[in-house]
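Q: A structural model of the following input is requested.
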Amino acid sequence: MEKEYIKIENIPAILWGTKSNSIYIYVHGKNANKEEANSFAEKAVKKGFQVLSFDLPEHGERINENYPCVVWNGIHDLNIIGAYVQERWIDIYLFGSSLGAYFSLLAYKDMPLKKCLFLSPILNMEHLIQNMMKWFSVSEEALKETQEIQTPIGENLNWDYYCYVRNNPIDRWNVSTAILFGSEDNLTEREIVEDFAKRFVCDLTVLDGGEHWFHTEKQLAILDKWLDKQI
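A: Numbering: from 1, shown residues only. Predicted structure coming up:
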């Protein structure tokens, strides 16, 4: 499989596969990187697609940049990638995992995508932050006063981030979308993903016993079959 390392306005990226009119934008999740797209790209390239993966802020080659992985920076970078792709390919598809899916829902709601695949997507960041505040007994008033609070799990609660996601709910998504979700996902409740699928007419597959991170032999086998069907 051909693989070319490129930079798109200083965003490190990989273009997978030989020249094609069709491409998947691959948006990885938290604690991942552009190289994670390898197995997905192998499947997509065999079916005639190219794949473009890239490092989100503070991930991969960008881990030491002074450019945090906050929602507005994620959207900014996805817009750069989106503009690059729209100038060069005819048919554009999307794969988004976890946080990458959330950024994509905000950045690409107006992009003419042919199809979208989401794995363990975060679909309601406001609710997730509110859950974290409950887990660690942090009130809105305390967060507003201090602006940022570090939690025992290494995730910071940030007032500006919370206000941004609260003021920018996901209220529009007109792309044919398939979702693979684990019933034991600890970041997105089943009711949230089912409501999203109903509102935006998505093809939802729920793996009973599956977690947010698909990593066991059984989970990876289900993911493999799902990708073979959906790509």
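
Q: So in the protein, which helix runs the longest?
A: helix 71-88 (DSSP state H).

Q: Buried residues of it, list them for me.
A: The neighbour-count check on helix 71-88 (16 or more other CB atoms under 10 Å) flags 71, 74-75, 77-78, 80-82, 84-85 as buried. C-betas here are computed from N, CA, C, even on glycine.

Q: Show residues contacting the following helix or strand past it.
A: Going down the chain from helix 71-88, the next helix or strand is strand 91-97, by DSSP states H and E. Applying CB atoms under 8 Å, 6 or more residues apart in numbering, the external contacts of strand 91-97 come out as 21-29, 32, 37, 40, 49, 85-86, 102-105, 108, 111-121, 175.

Q: Using just helix, strand and coil, how would you label the residue located most distally from the centre of the chain?
A: Distance from the centre of the chain peaks at Glu145, with 30.3 Å (CA atoms, centre = their mean). Classification of Glu145 by DSSP: H, G, I helix; E, B strand; the rest coil places it in helix.

Q: any idea of the pLDDT on it?
A: We have a pLDDT of 95 for Glu145.

Q: How about Glu155?
A: In this prediction, Glu155 carries a pLDDT score of 83.

Q: tell me the secondary structure for the closest residue to Asp185 other than its chain neighbours?
A: Sequence neighbours aside, His212 is the residue nearest to Asp185 in space, at 4.5 Å (criterion: CB to CB, 6 or more residues apart in numbering). With three-state DSSP as the basis, His212 sits in coil.

Q: Test my guess that His212 contacts Ser183.
A: No: the pair His212 / Ser183 is not scored as a contact, 10.7 Å apart, by CB atoms under 8 Å.

Q: and Tyr161, how many neighbours?
A: Tyr161: 18 surrounding residues under other CB atoms under 10 Å.

Q: I'd say it and Val71 touch.
A: Yes: using CB under 8 Å, Tyr161 is in contact with Val71, at 6.2 Å.

Q: Look at His212 and Ser183 and report which has more neighbours.
A: Neighbours per residue (other CB under 10 Å) separate His212 from Ser183, with His212 holding more: 19 against 12.

Q: For the residue nearest the centre of the chain, give me the pLDDT.
A: Nearest residue to the geometric centre of the chain (CA atoms, centre = their mean): Gly100, 1.6 Å. In this model, Gly100 is scored at 98, pLDDT.

Q: now it, nearest residue through space, not along the chain?
A: Nearest non-adjacent residue to Gly100, counting by CB to CB, 6+ apart: Val27, 3.3 Å away.

Q: Work out the gap between stretch 48-62 and the centre of the chain.
A: Relative to the centre of its chain, stretch 48-62 is centred 11 Å away, using CA atoms, centre = their mean, to the nearest Å.
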